[in-house]
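Asks: sequence? don't have it. structure:
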């Protein structure tokens, strides 16, 4: 099943609607400049295949780095770091006054597999249908990644100078629990100074709109874990309903 992202769901994810999310207005209503800028970033990121089998998170990281440079963030504050072929991470920093320790904005670039034959349309082409966005990664987690990139550009263009640096980290291999390229783990091991922060905002939780206005923001406090067991049973054959 493809993920769906309702147009109005974006606004609560943008904490405080600093750049502005897409609304539930009719499709015929023209987008604002900020909304169109976000949509362009979102579409580009969605349409870069970042699956493990044939995708390329390094390409996605480089594309978002180019967006940030074009948006005015100094090149020296944007780093693309690769841990292997087709494995890329982006770390960018908006410099504040330094009164407080940094805030880390964290999202991942990789997506789970999407076989074309399992979908009614190309999973790596963003579609808008019946008030929803449809594509692989439309929510998990390219919506958040694109929002963070758009917000960073918005901060730069507004001349925003926060009390703390804002660090953006877009990482690879979050969907692969045993990958040696897991971006968060790899950055902590090799480039911790780039992402060291007082606290971080990551995926999880969610929000909703009422009459076009944010009215609920959920905060996730924990994450499920799993354990794999192998069970072998031997017995005489028989009817499954009467062992």
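Replies: Done, it's in. Keep in mind that this is a model prediction, so the values were computed, not measured.
Asks: Helices of this protein, residue ranges please.
Replies: 10-13, 33-46, 57-70, 142-158, 183-190, 192-195 (DSSP state H).
Asks: Need the ones you listed in a markdown table (columns: distance to residue 231 and mean pLDDT).
Replies: Bear in mind the C-beta positions are built from the backbone N, C-alpha and C, glycine included. A markdown table is the format used below for these (distance: least, CB to CB, whole Å; pLDDT from 0 to 100):
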| stretch | distance to residue 231 | mean pLDDT |
| --- | --- | --- |
| helix 10-13 | 41 | 34 |
| helix 33-46 | 40 | 97 |
| helix 57-70 | 36 | 98 |
| helix 142-158 | 37 | 97 |
| helix 183-190 | 31 | 97 |
| helix 192-195 | 41 | 98 |
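Asks: Redo these as a markdown table? Include mean neighbour count.
Replies: Output for those, formatted as a markdown table (neighbours: other CB atoms under 10 Å):
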| stretch | mean neighbour count |
| --- | --- |
| helix 10-13 | 23 |
| helix 33-46 | 19 |
| helix 57-70 | 21 |
| helix 142-158 | 23 |
| helix 183-190 | 17 |
| helix 192-195 | 14 |
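Asks: Show me the one of these that comes nearest residue 101.
Replies: Across the helices of the chain, the minimum distance to residue 101, taken as CB to CB, is reached by helix 192-195, at 12.0 Å.
Asks: ok, back up a step: now that we have the helices of the chain, can you turn them into TSV and tack on distance to residue 127?
Replies: Below are these laid out as TSV (distance: least, CB to CB, whole Å):
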stretch	distance to residue 127
helix 10-13	16
helix 33-46	10
helix 57-70	19
helix 142-158	14
helix 183-190	28
helix 192-195	34
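Asks: Out of those, which gets nearest to residue 93?
Replies: That would be helix 192-195 among the helices of the chain, by CB to CB, at 7.8 Å.
Asks: which helices and strands sit right next to that closest one?
Replies: strand 87-94, strand 166-171, helix 183-190 (3 or more CB pairs under 8 Å, 6 or more residues apart in numbering; DSSP states H and E).
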